[in-house]
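**Q** Give me the fold of what follows.
(2 chains)
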Amino acid sequence: DAGVIQSPRHEVTEMGQEVTLRCKPISGHDYLFWYRQTMMRGLELLIYFNNNVPIDDSGMPEDRFSAKMPNASFSTLKIQPSEPRDSAVYFCASSLSQNEAFFGQGTRLTVV
Amino acid sequence: AQSVAQPEDQVNVAEGNPLTVKCTYSVSGNPYLFWYVQYPNRGLQFLLKYITGDNLVKGSYGFEAEFNKSQTSFHLKKPSALVSDSALYFCAVRDIGGATNKLIFGTGTLLAVQP
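**A** Residues are numbered from 1 along each chain as shown, chains lettered A, B, ... in the order given. Got it, this is the predicted structure:
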């Protein structure tokens, strides 16, 4: 398996624009997590899914953030409108049941 | 509430010496515990886990960790550090049987191994 695949790897956008981050989990994994990493806040859990259903979105910072998982092979994290303080590295991870999670390479988002 | 703490922002050790990176946790159910390593501009890589059984677990690159239920700790150890071990290390916990099954991480500890 190719592992967790995230796209794009880098994204630079202007404030106010919509940003969509994409994730393909490892085939067969039933949990999917979205994290945000910054120097100030460390690694924050934004939302996680189990069998494509959102279970806990308490980490989503604002209504500007939304996440979907339309099927077992794909998830998106959308920010609309984006702001400079959203600049961070966003990671997607997947796991099989309650075992260890495997991470993608991340998307480095810069909002100017 | 579920939480995990890494009390040290940075650990410095000389090459060849033993290293310890500390982690404590709090859960309402049973803990599944994990250690990850992150190299610059990379994603997190899984090192080892404790789910049940022997309190001493061994993982990749010669790392091991000891689960201590009474102290709610899961410290990462290595008998002899290498310069190439220098990286950011994260402890993580899942609360099995608790309110949620989310995977949360500590703030990370930067390990610096001097030649």
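
**Q** What are the boundaries of the helices in chain B?
**A** Counting by DSSP state H, no segments of chain B form helices.

**Q** Taking it, what residue is nearest to chain A?
**A** Ranked by Cβ to the nearest Cβ, the top residue of chain B for proximity to chain A is residue B:43, at 3.9 Å. Quick note: C-beta positions are derived from backbone N, CA and C, even for glycine.

**Q** so which residue of chain A comes closest to chain B?
**A** Counting by Cβ to the nearest Cβ, chain A gets nearest to chain B through residue A:103 (3.9 Å).

**Q** Name the nearest residue to that residue, ignoring sequence neighbours.
**A** residue B:43 (3.9 Å; Cβ to Cβ, 6 or more residues apart in numbering or on different chains).

**Q** Report pLDDT for the closest residue to residue A:100 other than its chain neighbours.
**A** The shortest distance from residue A:100 to any residue other than its chain neighbours is 4.7 Å, reached at residue B:46 (Cβ to Cβ, 6+ apart). Residue B:46 is assigned 96 on the pLDDT scale.

**Q** With residue B:29 instead?
**A** Predicted confidence (pLDDT) at residue B:29: the value is 86.

**Q** one step back: residues near the residue of chain A closest to chain B, how many?
**A** Here the neighbour count serves as a burial measure; for residue A:103 (other Cβ atoms under 10 Å in any protein chain shown) it reads 22.

**Q** where does residue B:54 fall, phi/psi-wise?
**A** Torsion angles at residue B:54 (phi, psi; degrees, to the nearest 10) stand at phi -60, psi 130.

**Q** ok, now which ones touch it?
**A** By Cβ atoms under 8 Å, 6 or more residues apart in numbering or on different chains, the contact set of residue B:54 is empty.

**Q** got a pLDDT number for it?
**A** Among the per-residue scores, residue B:54 shows a pLDDT of 91.

**Q** Just confirm residue B:24 contacts residue B:33, I think it does.
**A** No - look at residue B:24 against residue B:33 with Cβ atoms under 8 Å: they stay out of range, at 10.4 Å.

**Q** Up against chain B, what does chain A have?
**A** Of all the residues in chain A, those in contact range of chain B (Cβ under 8 Å from any Cβ of the partner chain) are A:4, A:31, A:33, A:35, A:42-43, A:45, A:48, A:50, A:55-56, A:91, A:93, A:95, A:98-106.

**Q** Can you list the low-confidence ranges for chain B?
**A** For chain B, applying pLDDT under 70 flags the ranges B:98-99.

**Q** ok, residue B:65 - how many residues close by?
**A** The burial count assigned to residue B:65 is 27, neighbours taken as other Cβ under 10 Å.

**Q** same thing with residue B:40?
**A** Taking other Cβ under 10 Å as the criterion, the count of residues near residue B:40 is 7.

**Q** residues contacting the residue of chain B closest to chain A?
**A** A:4, A:91, A:103-106.

**Q** pLDDT at the residue of chain A closest to chain B, what is it?
**A** The model reports residue A:103 with a pLDDT of 96.

**Q** Bridging across strands, which residues link to it?
**A** Using DSSP bridges, the bridge partners assigned to residue A:103 are residue A:93.

**Q** Enumerate every residue touching it.
**A** Under the criterion of Cβ under 8 Å, 6+ apart, the contact list for residue A:103 reads A:4, A:91-93, B:36, B:43-45.

**Q** What about these, which one has the most neighbours?
**A** Highest neighbour count within these, by other Cβ under 10 Å: residue A:92, with 29 neighbours.

**Q** where's that one relative to residue A:35, distance?
**A** 8 Å (Cβ to Cβ, to the nearest Å).
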